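Colleague: Sequence below, structure please.
(chains A, B, C and D)
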There are 4 protein chains.
Amino acid sequence: MKPLSSIAELTTRVRAFAQERDWEQFHTPKNLAMALAGEVGELVAELQWLTPEQSAAVMQDEELGPRVRAELGDVTIYLVRLADVLGVDLVQAALAKLEDSGRRYTVEAARSSAAKINADRPPAS
Amino acid sequence: MKPLSSIAELTTRVRAFAQERDWEQFHTPKNLAMALAGEVGELVAELQWLTPEQSAAVMQDEELGPRVRAELGDVTIYLVRLADVLGVDLVQAALAKLEDSGRRYTVEAARSSAAKINADRPPAS
Amino acid sequence: MKPLSSIAELTTRVRAFAQERDWEQFHTPKNLAMALAGEVGELVAELQWLTPEQSAAVMQDEELGPRVRAELGDVTIYLVRLADVLGVDLVQAALAKLEDSGRRYTVEAARSSAAKINADRPPAS
Amino acid sequence: MKPLSSIAELTTRVRAFAQERDWEQFHTPKNLAMALAGEVGELVAELQWLTPEQSAAVMQDEELGPRVRAELGDVTIYLVRLADVLGVDLVQAALAKLEDSGRRYTVEAARSSAAKINADRPPAS
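Modeller: From the prediction side, this is the model:
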């Protein structure tokens, strides 16, 4: 089986999965947004007690790594399904926001602000 | 500019965006999972007072449609960034979960269960 | 055992629970906010496929009712623990926000707006 | 005005606030759970770029402290309102879960596990 390379192909698969099971009736944007929130909650829960440094190494953990990967899969499934139902192109929506953010946070201002955050808010010892 | 068609290209763009701004230092999996939860919270908030039916027509609403699209963009950006930092292929992770769900919820069992939910839990009048 | 009547007493219990287990080291505001988000995600997941009407009757459901109650308990535990660690009085914070909202949404404006929402956004048929 | 000391009194205030504004029609458990998720998302967002140590000192920050307090107020308002609509006593629900957790995580097992986590998962350098 050749690997899927695009959200478009995944979208088609997830749609078929729902259709086959008569689940389309439950897949309103409201319900899918809730399902997405539920899955993100599970993802957050996997990382909640880790230090930031431990979280950076989480995929090397035999037990936690596969669980984090599975939660990312669930989040992706519901995000892709929600976008399909709404008729939104996720990549285009993300790009539009990125351009918008680029105007609001120019490289110079952002670098200076990041440096300031580091200077002003040292980790409380 | 040709349209992006894959998560891979978006991932590269988001990574460059963070690098240019010295934001990589803040982008631990723990922090990015929180940012993702925050953005999903904003998405959910856009739909919270709508009926399921209203939510299905939300993209036709002049005011709400663009806001929902923007929130989906933000969610996608942080999801893609988190997966990049963790080294996880989102589409592959989603496919793996879909196959797993396919074994747990067979088409026959799921259809029968969906029918049962409708029969057992009529909307309270 | 007499019923607890205040958040203050619950706060003391939750604090002792954490102290006895050496869990205070994990209870930074950042971690507790994540734990709260995880529990709210579980609560949302219990209601995600229900219609609004079904959700209104959820406590009468033999299976779902106790689960919703348990999730509300978990959410309350982490919210109370987070407020304890931050030194915030939840009831006072809520009251302050309520007064603030009262100024922003006057009774007249809110009633008129609620009526308008009903007129402008009929459920899509 | 004497300070409120119980969730019961806050519940009454929040209920009156909604009734006066004709907002009860929007306050189904499903909608309120979404509103709760949205507010928790805002709370998480306030802490997302902070280190755990910075988060522990957040209430001393002139800018962030009041914002975190306001978000805690919002979360409390929606949690109390949701519990009111469902007829659930939050403190009793929390106590029941605490007793349940006490049986699952005995003091000895929890202390030993906490020690193990510290030994097994040193912060990745």
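
Colleague: Against B:Asp74, how distant is A:Gly102?
Modeller: Distance of A:Gly102 to B:Asp74, given as C-beta to C-beta, to the nearest Å: 14 Å. Bear in mind the C-beta positions are built from the backbone N, C-alpha and C, glycine included.

Colleague: These two: who's more crowded?
Modeller: Higher neighbour count among A:Gly102 and B:Asp74: B:Asp74, with 22 against 14, using other C-beta atoms under 10 Å in any protein chain shown.

Colleague: which residues touch the more buried one?
Modeller: Contact analysis of B:Asp74 by C-beta atoms under 8 Å, 6 or more residues apart in numbering or on different chains lists A:94, A:97, B:39, B:42-43.

Colleague: Distance of it relative to C:Ala96?
Modeller: Distance, B:Asp74 to C:Ala96, using C-beta to C-beta: 29 Å.

Colleague: quick one: least confident helix or strand in chain A?
Modeller: Using mean pLDDT, DSSP states H and E, the weakest-scoring helix or strand in chain A turns out to be helix A:107-120, at a mean of 76.

Colleague: All the helices of chain A, in order from the start?
Modeller: All helices of chain A, identified by DSSP state H, fall at A:7-20, A:29-47, A:52-56, A:64-86, A:90-104, A:107-120.

Colleague: and among these, the most buried is which?
Modeller: helix A:29-47 (a mean of 25; mean count of other C-beta atoms under 10 Å in any protein chain shown).

Colleague: Please name every helix or strand in contact with it.
Modeller: Here helix A:29-47 touches helix A:64-86, helix B:29-47, helix B:52-56, helix C:29-47, helix D:29-47, going by 3 or more C-beta pairs under 8 Å, 6 or more residues apart in numbering or on different chains; DSSP states H and E.

Colleague: could those helices go into JSON lines alongside mean pLDDT and distance to C:Ala110?
Modeller: Formatted as JSON lines, those follow (pLDDT from 0 to 100; distance: least, C-beta to C-beta, whole Å):
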{"stretch": "helix A:64-86", "mean pLDDT": "98", "distance to C:Ala110": "29"}
{"stretch": "helix B:29-47", "mean pLDDT": "98", "distance to C:Ala110": "18"}
{"stretch": "helix B:52-56", "mean pLDDT": "98", "distance to C:Ala110": "19"}
{"stretch": "helix C:29-47", "mean pLDDT": "98", "distance to C:Ala110": "25"}
{"stretch": "helix D:29-47", "mean pLDDT": "98", "distance to C:Ala110": "15"}
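
Colleague: how about those helices in TSV, adding distance to D:Ser112?
Modeller: TSV is the format used below for the helices and strands packed on helix A:29-47 (distance: least, C-beta to C-beta, whole Å):
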stretch	distance to D:Ser112
helix A:64-86	20
helix B:29-47	25
helix B:52-56	48
helix C:29-47	20
helix D:29-47	30
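
Colleague: Tell me which of these approaches C:Lys116 most closely.
Modeller: Taking C-beta to C-beta, helix B:52-56 is the member of those nearest to C:Lys116, at 13.9 Å.

Colleague: circling back: of all the helices and strands packed on helix A:29-47, which lies closest to A:Lys30?
Modeller: For A:Lys30, the closest of these is helix B:52-56, at 3.8 Å, according to C-beta to C-beta.

Colleague: Distance from that closest one to the middle of the chain?
Modeller: 18 Å (C-alpha atoms, centre = their mean, to the nearest Å).

Colleague: Does that helix reach chain D?
Modeller: No - Helix B:52-56 lies out of reach of chain D by C-beta under 8 Å from any C-beta of the partner chain, never closer than 8.9 Å.

Colleague: Output that helix as PDB, nothing but the C-alphas.
Modeller: The C-alpha coordinates for helix B:52-56 follow below in PDB (Å, rounded to 0.1, in the frame of the first residue of the first chain):
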ATOM      1  CA  PRO B  52     -26.600  21.400  15.700                       C
ATOM      2  CA  GLU B  53     -28.600  22.500  12.600                       C
ATOM      3  CA  GLN B  54     -27.200  26.100  12.900                       C
ATOM      4  CA  SER B  55     -23.700  24.700  13.200                       C
ATOM      5  CA  ALA B  56     -24.200  22.800   9.900                       C
END
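
Colleague: other SSEs contacting that helix?
Modeller: Under the contact criterion of 3+ C-beta pairs under 8 Å, 6+ apart, helix B:52-56 touches helix A:29-47.

Colleague: coming back round to it: right, and the helices and strands packed on helix A:29-47 - which one's nearest D:Lys116?
Modeller: helix A:64-86 (14.4 Å).

Colleague: Return the closest one as PDB; C-alpha atoms alone will do.
Modeller: In PDB, the C-alpha atoms belonging to helix A:64-86 read as follows (Å, rounded to 0.1, in the frame of the first residue of the first chain):
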ATOM      1  CA  LEU A  64       4.000   6.900  26.200                       C
ATOM      2  CA  GLY A  65       5.300   7.300  22.700                       C
ATOM      3  CA  PRO A  66       2.700   5.000  21.000                       C
ATOM      4  CA  ARG A  67       0.000   6.600  23.100                       C
ATOM      5  CA  VAL A  68       0.900  10.100  22.100                       C
ATOM      6  CA  ARG A  69       1.100   9.000  18.400                       C
ATOM      7  CA  ALA A  70      -2.400   7.400  18.700                       C
ATOM      8  CA  GLU A  71      -3.900  10.500  20.300                       C
ATOM      9  CA  LEU A  72      -2.400  12.600  17.500                       C
ATOM     10  CA  GLY A  73      -4.000  10.200  15.100                       C
ATOM     11  CA  ASP A  74      -7.400  10.700  16.700                       C
ATOM     12  CA  VAL A  75      -7.100  14.500  16.800                       C
ATOM     13  CA  THR A  76      -6.200  14.400  13.100                       C
ATOM     14  CA  ILE A  77      -9.200  12.200  12.200                       C
ATOM     15  CA  TYR A  78     -11.700  14.500  13.800                       C
ATOM     16  CA  LEU A  79     -10.100  17.700  12.600                       C
ATOM     17  CA  VAL A  80     -10.100  16.300   9.000                       C
ATOM     18  CA  ARG A  81     -13.700  15.100   9.400                       C
ATOM     19  CA  LEU A  82     -14.800  18.500  10.800                       C
ATOM     20  CA  ALA A  83     -13.100  20.400   7.900                       C
ATOM     21  CA  ASP A  84     -14.800  18.000   5.400                       C
ATOM     22  CA  VAL A  85     -18.200  18.600   6.800                       C
ATOM     23  CA  LEU A  86     -17.700  22.300   6.800                       C
END
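
Colleague: which one of the helices and strands packed on helix A:29-47 lies closest to D:Val107?
Modeller: Nearest to D:Val107, of the helices and strands packed on helix A:29-47 and by C-beta to C-beta, is helix C:29-47 at 19.7 Å.
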